[in-house]
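[1] Give me the fold of what follows.
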Amino acid sequence: MENSVNGAPRTTATTATTARHTPTQDSSAPPRDGAAAEPCDLVTVPARQGLEAVDILRRADAPAVGPVLHDGACDTLGFLVPPGTADGWDMPGSACTQTSGRGLRIPAEPPVTGSGWLLPPDDADPVTDPAVLRKALGEAARLIEAADNCS
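    All right, here's what the predicted structure looks like:
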């Protein structure tokens, strides 16, 4: 099941999912030990926006970015996020795949044929905090729009 919104950005504060995953200094992501047993949802974004977001997240002093998948054609990136994120995901231009409790587990090999790890599980935090990801994706979209308008 995918949730996506194709329209103007919402101006409301935070969704219920974001509220449950409010970033803290230590991150709201689950602890590293047992990460392989934790189910995940998957936020999918266009590759250009996703790469900008990865750069933003890696430069930030805030929580780090978790594992990131790329498809074989490099058209999209997928960020692993905590289960339940899809219930309230409302970021325009992105989709969040809900695992319905069955949960995508963080495997050593990419879980989708034809995909690969941009940031493999061993080199990343267990999952990306959805509130922090939402903020980075918004900043990435603004940077891309500004760059495109300068041409």
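[2] contacts and neighbour counts: CA atoms only from here.
    Noted.
[3] so how far is His70 from the closest residue to Asp75 other than its chain neighbours?
    Take Asp75 and drop its neighbours on the chain: the residue closest to it by C-alpha to C-alpha, 6 or more residues apart in numbering is Ala47, 5.2 Å away. Distance, Ala47 to His70, by C-alpha to C-alpha, to the nearest Å: 8 Å.
[4] Give me the more crowded residue out of these two.
    Using other C-alpha atoms under 10 Å as the criterion, Ala47 and His70 rank with His70 on top: 25 against 17.
[5] host element of the more buried one?
    His70 is part of strand 68-71, with elements assigned from DSSP states H and E.
[6] what's in contact with that strand?
    Outside of strand 68-71, the residues within contact range by C-alpha atoms under 8 Å, 6 or more residues apart in numbering are 47, 76-80, 110, 114-120.
[7] cool, and stretch 133-151?
    Under C-alpha under 8 Å, 6+ apart, the answer for stretch 133-151 is 49-50, 52-54, 56-57, 91.
[8] can you rerun that using 7 Å?
    Outside stretch 133-151, the residues that touch it by C-alpha atoms under 7 Å, 6 or more residues apart in numbering are 49, 52-53, 56-57, 91.
[9] If we go by neighbour counts, what in the longest helix anywhere in the chain is buried?
    Longest helix of the chain, by residue count under DSSP state H: helix 130-149. Buried residues in helix 130-149, counting neighbours by 16 or more other C-alpha atoms under 10 Å, are found at 130-134, 136-141.
[10] ok, the residue nearest to Asp75 touching Ala73?
    No. Counting by C-alpha atoms under 7 Å, Ala47 stays clear of Ala73, with 9.8 Å between them.
[11] Flag every buried residue along stretch 53-67.
    Quick answer for stretch 53-67 (16+ other C-alpha under 10 Å): 53-54, 56-57, 63-67.
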